[in-house]
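In: When you get a sec, could you give me coordinates for this:
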Amino acid sequence: MKRTIPIAKPVLGREEEKAIRKVLQSGMLVQAKTVKSFEKAFADYIGVEHGVAVTNGTLALDTTMKALKIGPGDEVIIPAFSFVATGNCVLFQRAKPVFADIDQRSFNIDPSDVNEKITAKTKAIIAVHLYGQPAKMEKLKEIARDHDLFLVEDAAQAHGAEHRGLKAGGLGEVGCFSFYATKNMTTGEGGMIMTNNDELARKARLLRNHGQTEKYHHTILGYNYRMTELSAAIGLVQLKKLDKINEKRIRNAKMLNEGITKIRGLTHPYVEEHVKHVFYQYVVRVEEDYPLERNKLANHLEKMGIGTAIHYPMPIYQQPLYHELGYDKTICPITEESCKRVLSLPVHPSVSDEDIQYITDACMH
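Out: Numbering: from 1, shown residues only. Alright, predicted model coming up:
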């Protein structure tokens, strides 16, 4: 019998409703005590001193770039294989994104290619923990130290992911999270900056609130990047559920692996040593020897009621915006090949054991 299995589904319930109702009854809707509580709770969870809540994940990256004083003439090395916000946050500063290729197995930024792309203009590296798996932070931190560069974690997809027992977002000097609706935990929209750097946290708090040190006293050019109390209330509830949500995602991924490994032409996700991959997305590679081309497989699964997605269909530098900025058609060959082969399958906590069997059976035909 045909099923309906969406590619993503937020885990929301009465606890979130109760938290929202409490905020509404308080009459305090924007950046008050609930936001502060969420900042502290999430910082404690990640294992850092400071959490700075903002409107969304893109603005967490933007605020971080501004706090680090990235500006015109500077270069920031980023992975070519990511959501466009990773590049756009650099463009917002009128700086130049420099694209590095990825590791073919993990899809994360390749430290050796990062090393090749460093110039006298390089000021920072953004490491994306793609699909919920931490990037090779030890090697990236070594490169950053050797060249006196800032290392920023784009942990938008890695809530609760770990490397050697340490949480993603707290592995470097600063980490940025998104709480968009499809993430492992959500506030609807929302973002958070994580850091142990007191001065960076101070600057970020100024930037998100009009550069205001006290009411109507503005010391720098700031913005309105504030998080609402409603978002923070949802976030506090979601944070309590996060570990169980991740456990279910990891379990579902293992079960999918068992089925996918039996199918010729499909390669299940690779997990690095010493990491906890939290499977924001479960991404298979559709190889040349699979009977169907990737897009045809996606269409077949959609007809079977199985939601799929392509994360991502092209490198950032091939987006029309970047083409207009003069980027070459081919910069990162492994990224370009991966864009032709990746396909995301449902892995969220609402996917049942029966659903997983249905998905793997559908992939066999």
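
In: Quick one: the strands in the stretch 51-200 of the chain, in order.
Out: According to DSSP state E, counting those that start in this stretch, the stretch 51-200 of the chain carries its strands in the segments 75-79, 96-100, 122-128, 150-154, 162-163, 166-167, 174-178, 191-195.

In: Could I get the average pLDDT for the longest one?
Out: So that's strand 122-128. For strand 122-128, mean pLDDT is 98.

In: likewise the last one?
Out: Confidence over strand 191-195, taken as the mean pLDDT, stands at 98.

In: still on that earlier bit, now the strands of the stretch 51-200 of the chain as JSON lines including distance to Ala41 and mean neighbour count?
Out: Every C-beta, even on glycine, is put in place using the N, C-alpha and C of the backbone. Shown next, in JSON lines, are the strands of the stretch 51-200 of the chain (distance: least, CB to CB, whole Å; neighbours: other CB atoms under 10 Å):
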{"stretch": "strand 75-79", "distance to Ala41": "29", "mean neighbour count": "26"}
{"stretch": "strand 96-100", "distance to Ala41": "33", "mean neighbour count": "22"}
{"stretch": "strand 122-128", "distance to Ala41": "24", "mean neighbour count": "25"}
{"stretch": "strand 150-154", "distance to Ala41": "19", "mean neighbour count": "26"}
{"stretch": "strand 162-163", "distance to Ala41": "18", "mean neighbour count": "20"}
{"stretch": "strand 166-167", "distance to Ala41": "13", "mean neighbour count": "18"}
{"stretch": "strand 174-178", "distance to Ala41": "13", "mean neighbour count": "29"}
{"stretch": "strand 191-195", "distance to Ala41": "10", "mean neighbour count": "29"}
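
In: mind checking which of those strands is nearest Pro346?
Out: The closest of those to Pro346 is strand 174-178. By CB to CB, the value is 19.9 Å.

In: Output the strands of the stretch 51-200 of the chain in JSON lines; the columns should cover distance to Gly57.
Out: What follows is the strands of the stretch 51-200 of the chain, written out as JSON lines (distance: least, CB to CB, whole Å):
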{"stretch": "strand 75-79", "distance to Gly57": "15"}
{"stretch": "strand 96-100", "distance to Gly57": "17"}
{"stretch": "strand 122-128", "distance to Gly57": "11"}
{"stretch": "strand 150-154", "distance to Gly57": "8"}
{"stretch": "strand 162-163", "distance to Gly57": "20"}
{"stretch": "strand 166-167", "distance to Gly57": "17"}
{"stretch": "strand 174-178", "distance to Gly57": "2"}
{"stretch": "strand 191-195", "distance to Gly57": "4"}
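
In: so which of those strands gets nearest Lys276?
Out: Lys276 sits nearest to strand 162-163 of all the strands of the stretch 51-200 of the chain, at 3.8 Å, using CB to CB.

In: Partner strands of the closest one, with direction?
Out: According to DSSP bridges, strand 162-163 forms sheet pairs with strand 166-167 (antiparallel), strand 275-276 (antiparallel).

In: Can you show me the helices along the stretch 51-200 of the chain?
Out: Here the stretch 51-200 of the chain has its helices, by DSSP state H, counting those that start in this stretch, at 57-67, 85-91, 111-117, 137-147, 198-208.

In: returning to that earlier point: which of the strands of the stretch 51-200 of the chain sits closest to Tyr216?
Out: For the strands of the stretch 51-200 of the chain, proximity to Tyr216 was assessed by CB to CB; strand 191-195 is nearest, at 24.7 Å.

In: Does anything pack onto that closest one? Which helices or strands?
Out: Other helices and strands packing on strand 191-195, by 3 or more CB pairs under 8 Å, 6 or more residues apart in numbering; DSSP states H and E, are helix 33-46, strand 50-54, helix 57-67, strand 174-178, helix 198-208.

In: Most tightly packed of the ones you listed?
Out: Mean neighbour count (mean count of other CB atoms under 10 Å) peaks for strand 174-178 among the helices and strands packed on strand 191-195, with a mean of 29.
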